[in-house]
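Engineer: build me a structure from this.
(chains A, B, C and D)
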There are 2 protein chains.
Amino acid sequence: MARRAGVSVATVSRVLNDAPGVRTDRRRAVRRAARELGFVPHAIARSLARGRTGTLGLIVADLTNPFYAETAKAIVDAARGRGYSVILCNTDNLPRLQAEQIEWLRRQRVDGLLLGSVHLRDPAVERLVNEGFPCVMFNRRLASGQGNWVVLDNVRGAEEATSHFLALGHRRIGFVAGPADFSTAAERLEGYRRALARAGAEPDPRLVRQGHFRSDLAYQAALDLLRADDRPTAILAGNDVTALAVLDAAADLGLRVPEDLALCGFDDTSLSRRREIALTTVAQQKDEMGRLAVGYLLEFIEDPERFRRHPVHHVLPPTLVIRRSCGALRVPMAEHSVRVLQGGAS
Amino acid sequence: MARRAGVSVATVSRVLNDAPGVRTDRRRAVRRAARELGFVPHAIARSLARGRTGTLGLIVADLTNPFYAETAKAIVDAARGRGYSVILCNTDNLPRLQAEQIEWLRRQRVDGLLLGSVHLRDPAVERLVNEGFPCVMFNRRLASGQGNWVVLDNVRGAEEATSHFLALGHRRIGFVAGPADFSTAAERLEGYRRALARAGAEPDPRLVRQGHFRSDLAYQAALDLLRADDRPTAILAGNDVTALAVLDAAADLGLRVPEDLALCGFDDTSLSRRREIALTTVAQQKDEMGRLAVGYLLEFIEDPERFRRHPVHHVLPPTLVIRRSCGALRVPMAEHSVRVLQGGAS
DNA sequence: CTGAAAGCGCTTACAG
DNA sequence: CTGAAAGCGCTTACAG
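Structural biologist: Now for the predicted structure:
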């Protein structure tokens, strides 16, 4: 290649990297030779020489959850737009697996890490943060609040949903929670409690059940909740997966939604939008979350010092999307200052 | 590191790669030094020296389609189990983007490629195959049949679904097709036609509409089909996304499914399983498809010659999953030799 | 069994 | 502006 263009490999390198200080005619000669030979620089050799790989690691909890599929897509697209590749890992929410994958990705010398499967106490992630390794969490964060993250305002989302139920006249509002060691789940529970407290409603611990964000377990939790004599008239589910399980439980008990039970989820995944389901839910801007996470991570990689001093804590606003399942569509809408959407083809 | 263990870097390399020909005591010394120093070999340097990166490229059409989310998860898991990383790319079915990404991934020196977004005529993929670059297609394949692939028996799947409709007494059976340049869509249409021909039913071209595997376009196609005076009494949809759009169109026209319209999809994605939807559909073994694709690709990488001589063509069997939407659950089941499943919590 | 040395294909001061 | 040379951190014949 260098021979073909009649220059040194150093000059070839400069031209192909658009480095300054090469005479225009040589620049042209190199470009032509490269074209004729179909020459493409060896990315691995370049990585070794530069000490950067142009690769990011992406760790998600569960790719088959539409929430992660959507954020992953946004992340991959954003990274490509900035010239970065992304290596994908799935943890199934197993801390052990996540720790292994973080280790693995660092061995692969990724330039930075996007973390979507963080636990509230998470030694592997805490170590990354303490070492100052470029990483940003999304969706979930550490209990300590350390590090960089972009998350939904889960507390507010749950407050709004709960207040919505209260405004509709519900007094016994149940909550099917997610794992206590996910910040999302913990914050949504917190928001639910705060809204009740603010309304002066007495909190009833029997109305809160653990569903682990899993269909099977959430289904059982919902059955328990709905079989009680003083069953709730409304349920806030920790996420949409949970809400669908509640829907199943209600159906199996012969309860109609929303007539016998009002229901609200979290995430606004594609399922919720179906007219047959029409789930009222707290929506997140998943594309935005993915894009932001990539943007911050790349800035971090460029200028690590700044981020170590001033971590980014980006909180995205929730949007309560009213559909059929909460029952509000049957009452005058004037009282609700929220966006109204109905399911349908999209 | 080498100094710490009192040996040469060559010996360190041998020990850490479990290469033979190192005295046991030295081996131990190296391992101990590695542990004490927390030494991890530099993967990039290793890749450069070995000429292999331990990385695979995965190209999918659309990660937000649950079909691809599920296969991607299976692929990532299988690759990890075999010690490989996977770089993820999304094409949105744009051939141009796919070509770029193939180029990009080869520059990144992936050891092989998993292709889930192939078109029937696909110069970029055909070039890969002709060059003998390690790659395996999944879900979709080339018109020429060249290269390695693992796909569903789409023809048979569509035949079975259509025959099922015929057995239920339907005579006017519509088809909402996918893009003509996807092997999946083409083969499913072919199966539909064959089943009709075998039954001696006269094919009516007006019963076949193009929905492009997109909700919006499939919805329009279904409206057209269902507004006709001699509308079909049953519709086979090219995939589940299409089937859901047909469901919407039917609902908007006041048609009940399955009473006024029998419906069947393809893929068995999570949505179809919901009891509110209960879509009869031709199921694929997505996990198996992903695992197989990875397995073959790694064999290819190990022994390229063999695969160039004897390409792998793996065809997976379809399973017709009967749910509510086809109407069969209202008639005696004895006549149908198919697996019966009902939607519900899972 | 072991080490010195060459080589993987780039980038980047350094000297001219 | 340009090239020779060192260096990135490994692996792997090769010689001993």
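
Engineer: domains for chain A, by residue range?
Structural biologist: A:2-41, A:52-152+A:286-318, A:154-279+A:323-330 (automatic domain parsing).

Engineer: who are the neighbours in contact with A:R140?
Structural biologist: A:G116, A:S117, A:V118, A:H119, A:V151, A:F182, A:S183, A:T184 (Cβ atoms under 8 Å, 6 or more residues apart in numbering or on different chains). (Glycine included, C-beta is placed from N, CA and C.)

Engineer: returning to what we had before: nearest to B:S144, out of the domains of chain A?
Structural biologist: Closest to B:S144 of those is domain A:2-41 (Cβ to Cβ; 23.9 Å).

Engineer: quick check: mean pLDDT of the closest one?
Structural biologist: For domain A:2-41, mean pLDDT rounds to 86.

Engineer: how about stretch A:169-179?
Structural biologist: On average, stretch A:169-179 scores 97.

Engineer: on the pLDDT front, check the residue in the stretch 51-200 of chain A that DNA strand D sits nearest to for me.
Structural biologist: Nearest residue of the stretch 51-200 of chain A to DNA strand D: A:G51, at 6.8 Å (Cβ to the nearest atom of the strand). With respect to pLDDT, A:G51 scores 93.

Engineer: and A:Q285, how many neighbours?
Structural biologist: 16 (other Cβ atoms under 10 Å in any protein chain shown).

Engineer: excluding its backbone neighbours, what's nearest it?
Structural biologist: A:L316 (5.7 Å; Cβ to Cβ, 6 or more residues apart in numbering or on different chains).

Engineer: A:V315 too?
Structural biologist: A:D153 (4.9 Å).

Engineer: OK, contacts around that neighbour?
Structural biologist: A:D153 neighbours (Cβ under 8 Å, 6+ apart): A:V315, A:L316, A:P317, A:P318.

Engineer: and those residues, which are buried?
Structural biologist: Taking 16 or more other Cβ atoms under 10 Å in any protein chain shown as the criterion, what is buried in these is A:L316, A:P318.

Engineer: as a markdown table, the domains of chain A with distance to DNA strand C would be great.
Structural biologist: Listed next are those as a markdown table, based on distance: least, Cβ to the nearest atom of the strand, whole Å:
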| stretch | distance to DNA strand C |
| --- | --- |
| domain A:2-41 | 3 |
| domain A:52-152+A:286-318 | 9 |
| domain A:154-279+A:323-330 | 38 |
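
Engineer: least confident of the ones you listed, on average?
Structural biologist: domain A:2-41 (a mean of 86).

Engineer: that older thread, and the residue nearest to A:Q285, its phi and psi?
Structural biologist: phi -90, psi 140 (degrees, to the nearest 10).

Engineer: could you do the one 4 residues further on as well?
Structural biologist: Note on A:L320: its backbone torsions stand at phi -80, psi 120 [degrees, to the nearest 10].

Engineer: and it, what are its bridge partners?
Structural biologist: Beta-bridge partners recorded for A:L320 (DSSP bridges): A:V282.

Engineer: would you mind listing the buried residues in stretch A:203-216?
Structural biologist: Within stretch A:203-216, judged by 16+ other Cβ under 10 Å, the buried ones are A:L207, A:V208, A:R209, A:Q210, A:G211, A:H212, A:F213, A:R214, A:S215.

Engineer: reformat those residues as a markdown table; add secondary structure.
Structural biologist: Output for the buried residues of stretch A:203-216, formatted as a markdown table (DSSP: H, G, I helix; E, B strand; the rest coil):
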| residue | secondary structure |
| --- | --- |
| A:L207 | helix |
| A:V208 | strand |
| A:R209 | strand |
| A:Q210 | strand |
| A:G211 | coil |
| A:H212 | coil |
| A:F213 | coil |
| A:R214 | coil |
| A:S215 | helix |
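
Engineer: distance to B:V86 added to the domains of chain A, as TSV?
Structural biologist: What follows is those, written out as TSV (distance: least, Cβ to Cβ, whole Å):
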stretch	distance to B:V86
domain A:2-41	21
domain A:52-152+A:286-318	6
domain A:154-279+A:323-330	24
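
Engineer: of all these, which one is nearest B:T233?
Structural biologist: That would be domain A:154-279+A:323-330 among those, by Cβ to Cβ, at 21.3 Å.

Engineer: next, the most centrally placed residue in chain A: phi, psi?
Structural biologist: Taking Cα atoms, centre = their mean as the criterion, A:N139 is the residue nearest the geometric centre of chain A, at 3.8 Å. Dihedral pair for A:N139: phi 70, psi -50, per degrees, to the nearest 10.

Engineer: now A:L279
Structural biologist: phi -80, psi 130.

Engineer: not counting sequence-adjacent ones, nearest residue to it?
Structural biologist: A:S272 (3.8 Å).

Engineer: for the helix or strand hosting that neighbour, what is the distance to the chain centroid?
Structural biologist: Taking DSSP states H and E as the definition, A:S272 sits inside helix A:270-273. Here the centre of helix A:270-273 is set off from its chain's centre by 17 Å, with Cα atoms, centre = their mean, to the nearest Å.

Engineer: other SSEs contacting it?
Structural biologist: Where contact means 3 or more Cβ pairs under 8 Å, 6 or more residues apart in numbering or on different chains; DSSP states H and E, helix A:270-273 is packed against helix A:240-252, helix B:270-273.

Engineer: quick revisit: the buried residues of stretch A:203-216: which ones sit near chain B?
Structural biologist: A:S215 (Cβ under 8 Å from any Cβ of the partner chain).

Engineer: and of the buried residues of stretch A:203-216, the nearest to DNA strand D?
Structural biologist: A:F213 (40.0 Å).

Engineer: list the contacts of that closest one.
Structural biologist: A:G178, A:P179, A:F182, A:A185, A:G238, A:N239, A:V241, A:T242.

Engineer: now do the same contact list for the fourth one.
Structural biologist: This means A:A185. A:A177, A:G178, A:P179, A:F213, A:G238.

Engineer: now secondary structure too, for the residues you listed, in TSV please.
Structural biologist: Listed next are the contacts of A:A185 as TSV, based on three-state DSSP:
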residue	secondary structure
A:A177	strand
A:G178	coil
A:P179	coil
A:F213	coil
A:G238	coil
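
Engineer: what's the helix or strand where A:L166 lies in contact with?
Structural biologist: Here A:L166 sits within helix A:154-167, counting by DSSP H and E. For helix A:154-167, contacts defined as Cβ under 8 Å, 6+ apart pick out A:173, A:183-184, A:187-192, A:194-196, A:198-199, A:201, A:234, A:236, A:262, A:264, A:266, A:280, A:282, A:317-318, A:320, A:322, A:326, A:328, A:335-336, A:338.

Engineer: buried subset of these, written for PyMOL?
Structural biologist: Those of the contacts of helix A:154-167 that count as buried under 16+ other Cβ under 10 Å are selected in PyMOL with:
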select buried, chain A and resi 173+183+184+187+188+189+191+192+194+195+196+201+234+236+262+264+266+280+282+318+320+322+326+328+336+338
